[in-house]
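Novice: mind folding the following:
(one chain, ligands or ions: 2)
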Amino acid sequence: MGQKRILITGAAGFLGSHLCDRFVKEGYHVIGMDNLITGDMANIEHLFKLENFEFYNHDVSKFVHIPGKLHYILHFASPASPIDYLKIPIQTLKVGSLGTHNLLGLARNKNARMLIASTSEVYGDPNVNPQPEEYWGNVNPVGPRGVYDEAKRFQEAITMAYHTFHGVETRIVRIFNTYGPRMRLNDGRVLPAFIGQALRGEDLTIFGDGSQTRSFCYVDDLIEGIYRLLMSDYAQPVNIGNPDEITIKQFCEEIIKLTGTTQKIVYKELPQDDPKQRRPDITKARAILGWEPKVGRAEGLKITYEYFKSLPAEALEKIDHKDFTTFNR
Ligand code: NAD
Ligand code: UDP
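Specialist: Ligands and ions are numbered 1, 2, ... in the order given. Have a look, this model is predicted:
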């Protein structure tokens, strides 16, 4: 049969790098692709010594060429944190639309199966809790999060169109808040924000009154769910996430306990359109993939905290965010 070849976009990012590890371990030839706009080569440095890994520094919103055979494509390239996509809204729209179109074209051409990373953000600020895949969502297209949410909704639509019109084998995973080692300490998402603040001895910033909820999934559980979905024959969207819902206030208190910080909580303004509740209905994942999360928050947070503590001191400096100015918009 020969070795299976898989293209993973967003390879230098948080989730992409964990996917590279998983498929290398499964014996695939892994082709990583990333333009490093929010990613970090340190996340995949350890793979370069391997024969079954190669890497292209490329913007997938431009034509994508891969020589040779390709059996699978995982499209994970996209800014993912609200702070990132607010700073680079046009690239966010482009990678979800033009990038996805390019990769679907490649999948069609190579006869490859393609899985796209969609998100709970397609449900917007949901009026239904928990969110099942049948819920169509409550998204403000012209609000600040619209650039991400609508790019992802378009991504699902074009993926489904390539499936039904061109017969491309496609898979859609709707990922709910996931955390773990290799998140960027300064990407603005709530977990690295709180842990970074604790490690720097700063106050912890809760946006709004902290009554909004999220449900946090440990990265290993997510990767297993994605692997199973890719190997399944199910082309409709599937939620993957941990249904253990918690308020941001409670989450903050857990981080305070975990880190032993003596700093206080300060309250800041709630960002516009910040979803008030979020919890995956994972009935489908359970039934179709036989999947459910295994790692509880206490365990997952401990591993993640150890990772952040092990980073070199420079990583902790309060360089606010990445410098995006060198990227072509
Ligand atoms: P991340 O920022 O760590 O990784 C994204 C990667 O994509 C980065 O390495 C970045 O440099 C790369 N990238 C962005 N635009 C690109 C382009 N045009 N060409 C090539 N590479 C590009 O974020 P993440 O958390 O790993 O998210 C990965 C994917 O999963 C995204 O599609 C995101 O929308 C989705 N997702 C993540 C979560 C989560 O909780 N982590 C939740 C829902 C959806
Ligand atoms: N949040 C917060 N303090 C922070 C960063 C985020 O209270 O320093 C809140 C944010 O308003 C949201 C939740 O934490 O309600 C999760 O935010 P995140 O940016 O991680 O992702 P989201 O789930 O909103 O996409």
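Novice: kindly export the helix or strand hosting residue 308 (C-alpha atoms) in PDB.
Specialist: Using DSSP states H and E, residue 308 falls within helix 297-310. Provided in PDB are the C-alpha atoms of helix 297-310 (Å, rounded to 0.1, in the frame of the first residue of the first chain):
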ATOM      1  CA  ARG A 297      -9.900  19.800  34.100                       C
ATOM      2  CA  ALA A 298      -7.800  19.300  37.300                       C
ATOM      3  CA  GLU A 299      -5.500  16.900  35.400                       C
ATOM      4  CA  GLY A 300      -5.400  18.900  32.200                       C
ATOM      5  CA  LEU A 301      -4.800  22.200  33.900                       C
ATOM      6  CA  LYS A 302      -1.900  20.800  36.000                       C
ATOM      7  CA  ILE A 303      -0.100  19.500  32.900                       C
ATOM      8  CA  THR A 304      -0.700  22.800  31.100                       C
ATOM      9  CA  TYR A 305       0.600  24.900  34.100                       C
ATOM     10  CA  GLU A 306       3.700  22.700  34.300                       C
ATOM     11  CA  TYR A 307       4.300  23.400  30.600                       C
ATOM     12  CA  PHE A 308       4.000  27.200  31.000                       C
ATOM     13  CA  LYS A 309       6.300  27.100  34.000                       C
ATOM     14  CA  SER A 310       8.900  25.300  32.000                       C
END
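Novice: hmm, it touching ligand 2?
Specialist: No. Using CB under 6 Å from any ligand atom, helix 297-310 never reaches ligand 2; the gap is at least 13.2 Å. Yep, even glycine has a C-beta here, placed from its N, CA and C like the rest.
Novice: same question for stretch 262-279.
Specialist: Yes. Stretch 262-279 lies within reach of ligand 2 by CB under 6 Å from any ligand atom, at 271, 274.
Novice: check what contacts that stretch and list those residues.
Specialist: For stretch 262-279, the surrounding residues in contact (CB atoms under 8 Å, 6 or more residues apart in numbering) are 82, 120-121, 123-126, 129-131, 140, 143-145, 176-177, 197-198, 201-215, 241, 243, 245, 249, 252, 256.
Novice: weed out the non-buried ones from the residues you listed.
Specialist: Neighbour-count burial (16 or more other CB atoms under 10 Å) is assigned, among the contacts of stretch 262-279, to 82, 120-121, 123-126, 130-131, 144-145, 176-177, 197-198, 204, 206, 210, 212-215, 241, 243, 245, 249, 252, 256.
Novice: I'd like to know which helix or strand in the protein has the lowest mean pLDDT.
Specialist: helix 313-316 (a mean of 80; mean pLDDT, DSSP states H and E).
Novice: now that helix: buried residues?
Specialist: residue 315.
Novice: now do the helices in the chain.
Specialist: In the chain, the helices defined using DSSP state H lie at 14-25, 82-87, 89-94, 100-110, 146-166, 190-200, 219-231, 248-259, 283-284, 297-310, 313-316.
Novice: which elements pack onto the last one?
Specialist: In this structure, helix 313-316 packs against helix 190-200, with contacts taken as 3 or more CB pairs under 8 Å, 6 or more residues apart in numbering; DSSP states H and E.
Novice: quick one, what contacts residue 120?
Specialist: By CB under 8 Å, 6+ apart, residue 120 lies in contact with 131, 174, 175, 176, 177, 239, 241, 278, 280.
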